[in-house]
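Asker: Task: produce atomic coordinates for the following.
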Amino acid sequence: MARLRWITAASGLALSVPAVVQAAPFATLEEAARRGFPDATSFREQLVQATPDDVRALAAVGGAARSTTWRMLIALKGDQALGAIVTDSVVGKFELIDYAVALGLDGHIRHVEILNYRESHGYEIKLPAWRKQFVGKGSDAKLSVGEDIANISGATLSCTHVTDGIRRLVVLFERLRTSKRL
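Answerer: Numbering: from 1, shown residues only. Alright, predicted model coming up:
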């Protein structure tokens, strides 16, 4: 009987403790840009506005984007463009996840960085091993959790939503690149 009361008391105590949120900036956009393009000598900021055709193309590959405008840093070595790093945000389970994707001029991913993670669980997506799965993939890749991107138990929604967002950015970048809008 004493054991049952102890469990009940411990359970009641545990339920009264608020969840700890792992909200913290993990990297700045500038740090992510340097990691994605270590040989760049400068970066030029550019805002990208999606056209109605872009919005339809993005919805077809990964659902509706939260925004139709993205912040992009064009990586330069002297006057030569090396690629771009694009920022975006997706909802994990309840909170926003800010991330950045570095894409080379060939349209392939060079680096993925989690900038801010506000959820109480699933922060493992910021670990290098999970983010490295994207490197080298382009618009021809599936970029789908459970297929070419591994899931993290306890972070399924974060993994899925960030992967969907990265897939949209890769398609957007491909559209920008092929239409000479960079």
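Asker: Now do the buried residues in the biggest helix by length in the chain.
Answerer: Selection of the longest helix in the chain by residue count, based on DSSP state H, yields helix 156-178. Buried residues in helix 156-178, counted by 16 or more other C-beta atoms under 10 Å: 157-177. For the C-beta atoms, the positions are set from N, CA and C on the backbone; glycine is no exception.
Asker: next one: stretch 92-106
Answerer: Gly92, Glu95, Leu96, Ile97, Asp98, Tyr99, Ala100, Val101, Ala102, Leu103, Gly104.
Asker: Give me the next element, helix or strand, following the longest strand seen in the chain.
Answerer: Among all segments of the chain classified by DSSP state E, the strand with the greatest residue count is strand 80-91. Toward the C-terminal end, the helix or strand that comes next after strand 80-91 (DSSP states H and E) is strand 96-104.
Asker: where does the chain have low pLDDT?
Answerer: 1-25 (pLDDT under 70).
Asker: Leaving out the residues flanking it, which one is nearest to the residue most central in space within it?
Answerer: Nearest to the mean C-alpha position of the chain, by C-alpha atoms, centre = their mean, lies Tyr99 at 3.8 Å. Excluding the flanking residues, the one nearest Tyr99 by C-beta to C-beta, 6 or more residues apart in numbering is Ile114, at 5.2 Å.
Asker: Export stretch 165-175 to CSV, keeping only CA atoms.
Answerer: Listed next in CSV are the C-alpha coordinates belonging to stretch 165-175 (Å, rounded to 0.1, in the frame of the first residue of the first chain):
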residue,chain,number,x,y,z
GLY,A,165,10.8,22.6,-46.1
ILE,A,166,14.3,21.7,-47.4
ARG,A,167,12.7,19.9,-50.4
ARG,A,168,10.7,23.1,-51.2
LEU,A,169,13.8,25.2,-51.0
VAL,A,170,15.7,22.9,-53.3
VAL,A,171,12.9,23.2,-55.8
LEU,A,172,12.7,26.9,-55.4
PHE,A,173,16.4,27.3,-55.9
GLU,A,174,16.2,25.1,-59.0
ARG,A,175,13.5,27.3,-60.4
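Asker: which residues make contact with it from outside it?
Answerer: With C-beta atoms under 8 Å, 6 or more residues apart in numbering as the contact definition, stretch 165-175 has outside contacts at 48, 50, 54, 57-58, 61-63, 65, 70, 84, 86, 88-90, 99, 101, 103, 107, 109, 112, 134, 137-139, 141, 143-144, 181.
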